[in-house]
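Colleague: 3D model of this:
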Amino acid sequence: MPEPTARPPFLSPDSLRWIALILVTALITLLFFGMVRGFLISLVLAAITAELSRPLYRRIQSVVGGRRNLSATITLVLILVLVILPVIFVATVSAQQALALSRSIVTIVNTVTETAIHIELPDWIPVETGLGDLGPEIATKIGDLVTATARFFVSTLNQVTRGTARFFLDTFIFLYALFFFLQMQMPVMQQILHFTALAPTTQHKIAERAVSVSRATIKGTLVIGVVQGVLGGIGFYVAGIEGATFWGVVMAIVSIVPGIGPGLVLAIGVIYLAAIGQTGPAIGLGLWAGLVVTTIDNILRPLLVGRDTQMHDILILVSTFGGLGMFGAVGLILGPVVAGLFVTIWTTLSETMQPPDPADAPALPPD
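Modeller: Just a heads-up that it's a prediction; the model follows:
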């Protein structure tokens with residue numbers, strides 16, 4: 001009688017070893033990310049900043065004879081002096097102005113209501129009745145909007161700082177990580193993709209596209225927004241409007257809204273000046289807005305973005321506001337970058353999944 005054959009094991013020893021390795025890797029990875037989760041935003045911002053400032057780092061490296069530590073130190077000092085310190089100063093002044101503005105908005109609204117210019121419409125316009133009540137109502141609504149904007153700005157800034165000690169710790173982690181990220185021969189994203197099972201060509205394509213989209217979005221949105229905010233704030237300051245720095249920051253943020261941008265805030269400023277009888281400053285601010293602030297976008301965008309791939313305006317809008325809601329003020333950078341990664345990975349997946357074009361296949365030899 002033949003002996004019954006032994007049933008093969010459900011999983012081979014090699015499969016069991018692979019499963020054990022994957023489980024241990026996942027467990028240690030979760031433990032590590034849980035341990036450093038408080039510094040993830042600082043590390044991600046450092047990686048993004050390192051990639052954006054890499055051309056500057058390489059140019060400095062060529063000047064100092066290829067010394068990486070010195071090049072990274074000089075780049076770090078330039079970023080600290082030209083970007084981080086001015087941002088902290090502007091944010092502090094803006095927060096103070098926002099608090100003062102939220103307290104004095106009632107007085108401003110009452111002033112506008114009392115000194116508003118009454119426009120007498122012709123008799124043939126049938127909607128003149130009751131228009132006199134619209135002025136105070138509009139002024140009140142604008143006052144509510146300004147108050148809500150000021151409070152949102154202050155609360156967002158408080159979320160970023162989260163106490164002086166934590167703010168300086170996050171800044172130190174950011175600068176320390178940036179120092180080493182700049183010196184890496186292979187950028188952080190390419191190193192992460194290197195551990196995936198993707199083909200090398202796919203890894204290179206994803207990394208290249210992600211950098212291109214993120215760079216175009218940050219240059220085309222953040223830098224232009226800062227320029228428009230500075231110009232708009234200068235216009236408010238010269239016109240004598242209270243809280244010019246705060247309104248400049250607001251204009252920089254709303255510059256991501258296509259077709260509206262800082263023009264809406266400037267229009268409110270013009271209406272306010274006209275309502276309190278400041279006709280000359282109102283006309284000057286209107287000309288400054290129309291001839292300089294709103295047109296600088298058309299000049300700077302081709303110069304800054306160049307040949308980099310741009311995202312659609314809708315994606316930039318929703319990702320920026322979504323980033324603000326999820327990450328706070330740093331969402332102005334992280335939101336568009338995440339959207340850029342989203343577009344990059346789906347574009348690459350679509351190209352990878354497409355069947356080869358028959359027209360590109362080599363021709364068969366004749367019989």
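
Colleague: how far away from the center of its chain is whichever strand or helix holds Ile283?
Modeller: Per DSSP states H and E, Ile283 falls inside helix 279-288. Distance, stretch centre to chain centre, for helix 279-288: 31 Å (Cα atoms, centre = their mean, to the nearest Å).

Colleague: next SSE after it?
Modeller: helix 296-305.

Colleague: mind giving me the packing neighbours of the helix holding Ile283?
Modeller: Other elements packing on helix 279-288 under the criterion 3 or more Cβ pairs under 8 Å, 6 or more residues apart in numbering; DSSP states H and E are helix 224-239, helix 262-275. (Each C-beta comes from the backbone N, C-alpha and C, glycine too.)

Colleague: neighbouring contacts of it?
Modeller: 231, 235-236, 238-240, 266, 269-271, 273-274 (Cβ atoms under 8 Å, 6 or more residues apart in numbering).

Colleague: can you put those in CSV and add distance to Gly290 and neighbour count?
Modeller: CSV is the format used below for those (distance: Cβ to Cβ, whole Å; neighbours: other Cβ atoms under 10 Å):
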residue, distance to Gly290, neighbour count
Leu231, 12, 21
Gly235, 11, 27
Phe236, 15, 25
Val238, 15, 13
Ala239, 14, 22
Gly240, 19, 12
Leu266, 9, 25
Gly269, 13, 23
Val270, 10, 24
Ile271, 14, 16
Leu273, 15, 22
Ala274, 15, 18
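
Colleague: dump the helices and strands packed on helix 279-288 into a markdown table; add mean pLDDT as well.
Modeller: As requested, the helices and strands packed on helix 279-288 are exported to a markdown table (pLDDT from 0 to 100):
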| stretch | mean pLDDT |
| --- | --- |
| helix 224-239 | 90 |
| helix 262-275 | 85 |
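
Colleague: export those to a markdown table and tack on distance to Phe180?
Modeller: Below are the helices and strands packed on helix 279-288 laid out as a markdown table (distance: least, Cβ to Cβ, whole Å):
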| stretch | distance to Phe180 |
| --- | --- |
| helix 224-239 | 27 |
| helix 262-275 | 38 |
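
Colleague: of all the ones you listed, which one is nearest Pro336?
Modeller: helix 224-239 (11.1 Å; Cβ to Cβ).

Colleague: and the closest one, what does it pack onto?
Modeller: Going by 3+ Cβ pairs under 8 Å, 6+ apart, helix 224-239 lies up against helix 244-254, helix 262-275, helix 279-288, helix 296-305.
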